[in-house]
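>>> Kindly generate the corresponding structure for this input.
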Amino acid sequence: MTRGENPAADDDAPVKESRVLIDPYRDWAEGEGIPIHLDFGHNLLELETGPWDRYDARGCFAHTHGAGDFMANYVLEIAPAGKTRPIKHLYEVFCFVLAGYGSTKVWLPNGETRVFEWGPKALFAIPLNCQYQIFNSTGQTPVRISCTNDAPITINLYHNLDFVFDNPCSFPERIGQAKHFEGEGDHTAYTHGTNTVKRNVWETNFVHDLTSFKLYELPERGKGSTNMSFILADGTMHAHVSQIPKGRYKKAHRHAAGTHVHAVDGEGYSLLWYEDDAEFKEFPWQHGFMYTPPFWMFHQHFNTCPRPARYLACSLGSRRYPFISLRRKSSEGQGSISIQQGGRQLEYEDQDLRIHRKWLEALRLTGVPSEMGEIFDEAAILELPPEALTGVIRQPSSIGPAV
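Here you go, the predicted model:
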């Protein structure tokens, strides 16, 4: 017998399928029987939904090319005066209300319940493995909720659906205080080491309205920029809300995959690119739109409307539990430090001239005056000939993802 021969092999025997390259999360999603949408991003208010037995409601998966390995999103749609069936799961989920009014009931490990009411643009988290039920409180219109979650890593780690959806383990330390279900919370601020970037954090389980929630200055991301990070239900997932002033835009930066960016209010667009790309990728900006910047892809948010614009970003790795090294660096402030200083941010003076030119042309259409004249010679940029605004997109440094 030569090396490599199998003495038990039988040319006439059926070939047994190899159990390799299995993706339990993908198999689960495909088995749920609801539409699966895959694109760079989506208008979540317009996605087709279908009957979802697990929730006894309607739903769809809003998968994106930049979601990475850990995070995903699905949309829940609850009929007028309807409700979901009670459900629990071992993955974390952040719920951003896209449309409608309703309430959520949460069963705590000690037998108590918490009920809170919400409306459009509220944000809430379900404490880990607590049973919950969602109600539509009106008889006129459906409710739509964007559910950003870490089901992919959870289901792929355990590949046992009973373990994920019918696990008796409770996590009382994740519940938080009673006030955290009432829209109240606890505010802290921190800096890390010699980094002077100040981060503000709000710990709660429920935010009534992201459009009016108090934000704090974060000038490192652009003049007038404001921000608040959330620790929701003592979770490993992260969320933050940022605001772009009228007549301005944010500085570009890059980070790990899986950050689900939701436009909360205002109008504009985002540009995305890899270094040495020939063109920018553009994604529209208004309430209902959600996308995920792929791994290490520069992205930049632009406000073109006559009022401030806000967005919500959800990702894996909270300020308390960063989870992965890139998220720890973000929590330490690397996302707000120039790439020339070892960070991940592209300063205005280093960006491609086409970026500001495109934004000025967009402002002409909306009639909003630029408030960035102290940074750019805008008249000169508008007068540049077309040949000066072509070529690949280059950055001043090519620092890799180890920072």
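>>> Listing request: residues of the chain with sub-threshold pLDDT.
Along the chain, the model assigns pLDDT under 70 to residues 1-16, 194, 334, 387, 390-392, 395-403.
>>> Quickly list the domain ranges of it.
25-171, 180-348 (automatic domain parsing).
>>> And the first one, how far out from the chain middle?
Put plainly, it is domain 25-171. Relative to its chain's centre, domain 25-171 lies at 15 Å (C-alpha atoms, centre = their mean, to the nearest Å).
>>> returning to what we had before: quick one: the domains of the chain as a markdown table, columns for mean neighbour count and distance to residue 355 too.
From N, CA and C alone the C-beta is placed, and that goes for glycine too. Converted to a markdown table, these look like this (neighbours: other C-beta atoms under 10 Å; distance: least, C-beta to C-beta, whole Å):
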| stretch | mean neighbour count | distance to residue 355 |
| --- | --- | --- |
| domain 25-171 | 18 | 19 |
| domain 180-348 | 20 | 7 |
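>>> Could you dump these into TSV and include distance to residue 382?
Converted to TSV, the domains of the chain look like this (distance: least, C-beta to C-beta, whole Å):
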stretch	distance to residue 382
domain 25-171	30
domain 180-348	16
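>>> I'd like to know which of these is closest to residue 362.
domain 180-348 (4.8 Å; C-beta to C-beta).
>>> end-to-end on that closest one?
Terminal residues of domain 180-348 lie 39 Å apart, using C-alpha to C-alpha, to the nearest Å.
>>> just stretch 145-156 next, same as before
24 Å.
>>> Check stretch 21-39 too.
End to end - C-alpha to C-alpha - stretch 21-39 spans 23 Å.
>>> Touching that stretch from outside, list them.
47-54, 58-65, 72, 74, 151-152, 155-156, 159, 161 (C-beta atoms under 8 Å, 6 or more residues apart in numbering).
>>> go again using 7 Å as the cut-off
47-50, 52-54, 59-64, 151-152, 155-156, 159, 161 (C-beta atoms under 7 Å, 6 or more residues apart in numbering).
>>> partners of the closest residue to residue 304 other than its chain neighbours in the sheet?
In this structure, residue 304 finds its nearest non-sequential neighbour in residue 268, 4.4 Å apart by C-beta to C-beta, 6 or more residues apart in numbering. Beta-bridge pairing of residue 268 under DSSP bridges involves residue 285, residue 303.
>>> what's near enough to touch residue 351?
Residue 351 makes contact with residue 252 under the criterion C-beta under 7 Å, 6+ apart.
>>> what does the helix or strand containing residue 114 contact?
For residue 114, the enclosing helix or strand under DSSP states H and E is strand 113-118. For strand 113-118, contacts defined as C-beta under 7 Å, 6+ apart pick out 97, 102-108, 124, 181-182, 206.
>>> Specify which member of these is nearest to residue 369.
Using C-beta to C-beta, the contacts of strand 113-118 come closest to residue 369 at residue 97, 33.3 Å.
>>> Mind telling me what element that closest one is part of?
Residue 97 belongs to strand 93-99, assigned by DSSP H and E.
>>> Which elements pack onto that strand?
With contacts defined as 3 or more C-beta pairs under 7 Å, 6 or more residues apart in numbering; DSSP states H and E, the packing partners of strand 93-99 are strand 123-125, strand 143-149.
>>> same thing but 8 Å
strand 123-125, strand 143-149, strand 309-316 (3 or more C-beta pairs under 8 Å, 6 or more residues apart in numbering; DSSP states H and E).
>>> partners of the last one in the sheet?
According to DSSP bridges, strand 309-316 has the following sheet partners: strand 237-244 (antiparallel), strand 260-265 (antiparallel).
>>> Dump these into CSV; add distance to residue 197 as well.
Output for these, formatted as CSV (distance: least, C-beta to C-beta, whole Å):
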stretch, distance to residue 197
strand 237-244, 13
strand 260-265, 20
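>>> Can you tell me which of those strands is nearest to residue 92?
strand 237-244 (4.9 Å).
>>> Of all the helices and strands packed on strand 93-99, which one is nearest residue 290?
strand 143-149 (6.4 Å).
>>> Just the contacts of stretch 21-39: which are in strands?
Among the contacts of stretch 21-39, DSSP state E puts 50, 52, 59-64 in strands.
>>> Quick check, central residue of the protein?
Geometric centre of the chain, nearest residue: residue 260, 2.0 Å, by C-alpha atoms, centre = their mean.
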